[in-house]
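Undergrad: what would the 3D arrangement of this be:
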Amino acid sequence: MEKRVKYEYKELLANSAMRFCADNCTPGGDSGDISIRDPETGYIYSYPNIKPGFSFYSWRELKPENIAVCDIDGNLIETEYEPTIEIPMHLAIYKARPEVQVILHSHPKWSAIFACARKDIPLTLAEQALALGGETKCAEYAPAGAVAVGTNIVKALGKERNSALLANHGAVVLASSISEAFMRSEYLEHAAMVACFAELLGGAVSISPDEILDPSVFH
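TA: Have a look, this model is predicted:
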């Protein structure tokens, strides 16, 4: 079967941009990005790399025709728009975690505090264990766009965590859909905010994943 670029994925990504801004996943402009993997073709659809000369400089103006498409090795399927400069990170995650369909890379408020302090967000709330896979690790620092960003974030994510921090940069959540990605991003921000304020009361008290649910709920 001949592989083809699917407009519905472009439309889905473009339509996500307004919520991306409304949810404070970006402080403005083109900070942060989202990508989707088509399980049928393996093609990766992502927000574009906005360069000087573009007709817009904000995700609020993103249109389906602006969405970039490449394969799992970064080869452009369409040449009009290049993917986000963080595409090496996205591709590294997709290769390491084949079950993942969506990657949301944000420049949020509360998670960024931990990222700039290069500290992990401790596991303190039930939703972190259930939706994020536990604590959120902060990856080692690498310059934006570098291949090492992907290498470091894959290590921080491991095989089960669905969120990680990029040192002095932002955050990443993994999901099976756009809606799940936004939900997990909200959980991450909530956990970061709670942990920040908990520090004012003497520090957040961590719990282990097996303490989240009473065993009786499984019977």
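Undergrad: in the chain, which helix is the longest?
TA: helix 178-200 (DSSP state H).
Undergrad: what's it packed up against?
TA: In this structure, helix 178-200 makes packing contacts with helix 7-22, strand 33-37, strand 102-106, helix 110-117, helix 126-127, strand 170-175, judged by 3 or more C-beta pairs under 8 Å, 6 or more residues apart in numbering; DSSP states H and E. Quick note: C-beta positions are derived from backbone N, CA and C, even for glycine.
Undergrad: pull up the pairing partners for the second one, direction included.
TA: Going back to what we said before, that points to strand 33-37. Strand 33-37 sits in its sheet next to strand 44-46 (antiparallel), strand 102-106 (antiparallel), going by DSSP bridges.
Undergrad: in stretch 57-65, what's buried?
TA: 59, 62 (16 or more other C-beta atoms under 10 Å).
Undergrad: hmm, L91 and T151 touching each other?
TA: No. T151 is beyond contact range of L91, at 11.3 Å (criterion: C-beta atoms under 8 Å).
Undergrad: between these two, point out the one with more neighbours.
TA: A direct count of neighbours by other C-beta atoms under 10 Å for T151 and L91 places L91 higher, at 23 against 16.
Undergrad: is it true that the more buried one lies in a helix?
TA: Yes. Using DSSP: H, G, I helix; E, B strand; the rest coil, the assignment for L91 is a helix.
Undergrad: spit out the contact partners of it.
TA: Contact partners of L91, counting by C-beta atoms under 8 Å, 6 or more residues apart in numbering, are 44, 72-74, 150.
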